[in-house]
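Participant: Fold the following.
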Amino acid sequence: MATSKPKPKRKILIIDDEPALLDIYSTQLNLAGGFEPITADDGVRGMQLALKELPDLIVLDIMMPLKDGFEVLKDLKSRPVTRDIPVIILSNLGQQYEIKHGLSMGAERYLVKADMSSDDLVNEIVSVFSEGEKKG
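Facilitator: Numbers count the residues shown, from 1 in each chain. The predicted model follows:
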């Protein structure tokens, strides 16, 4: 009987300056299975990890030290190597103009932290991958 290789885990880079949220989201992704969470606590480190790890998806906060999420998103979308990595913005900023701005810059989703549980985030990540498979 042939043994099948386990599916490789999808790398999810979470960029957020709140350590507790990094822990919660990482734990939830590990519990969901099939994901390898990688974390960064500021935009500069997040960009470095994005270039080094080339994750399958990035969860991005907006309000962070050193380099905010909009700057990171602009940088990601300007580089051929990271341009096609799906980005989910997860932020406390929830005004319509902020949401429109994030989506117009190329984010797949713009989610407001106050409206989302960690389970909801995992569901959104799965949904982005499902949509990508339908397109591809």
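
Participant: centroid residue for this structure?
Facilitator: Among the residues of the chain, Val59 comes closest to the average C-alpha position under Cα atoms, centre = their mean, at 1.8 Å.

Participant: then the host helix or strand of that residue to CSV, C-alphas only?
Facilitator: Using DSSP states H and E, Val59 sits in strand 57-60. Below are the C-alpha coordinates for strand 57-60, written out as CSV (Å, rounded to 0.1, in the frame of the first residue of the first chain):
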residue,chain,number,x,y,z
LEU,A,57,-1.0,34.4,3.1
ILE,A,58,-0.4,37.5,5.3
VAL,A,59,-2.6,38.7,8.1
LEU,A,60,-1.7,42.4,8.6
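
Participant: Give me the sheet partners of that strand and which way each runs.
Facilitator: In the sheet, strand 57-60 lines up against strand 10-15 (parallel), strand 87-91 (parallel) (DSSP bridges).

Participant: Columns mean neighbour count and mean pLDDT on top of the ones you listed, output as TSV?
Facilitator: All C-beta atoms are positioned from the backbone trio N, CA, C, and that covers glycine. As requested, the strands paired with strand 57-60 are exported to TSV (neighbours: other Cβ atoms under 10 Å; pLDDT from 0 to 100):
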stretch	mean neighbour count	mean pLDDT
strand 10-15	22	98
strand 87-91	24	97
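
Participant: Show me the one of those that comes nearest Leu73.
Facilitator: Comparing the strands paired with strand 57-60 against Leu73 with Cβ to Cβ, the closest turns out to be strand 87-91 (6.0 Å).

Participant: Now do that closest one: distance to the chain's middle.
Facilitator: Strand 87-91 has its C-alpha centroid displaced from the chain centroid by 6 Å (Cα atoms, centre = their mean, to the nearest Å).

Participant: buried ones in the helix or strand just after that strand?
Facilitator: Following strand 87-91 in sequence order, the next helix or strand is helix 96-104 (DSSP H and E). Of the residues in helix 96-104, 98-99, 101-102 count as buried by neighbour count, 16 or more other Cβ atoms under 10 Å.

Participant: All set, thanks.
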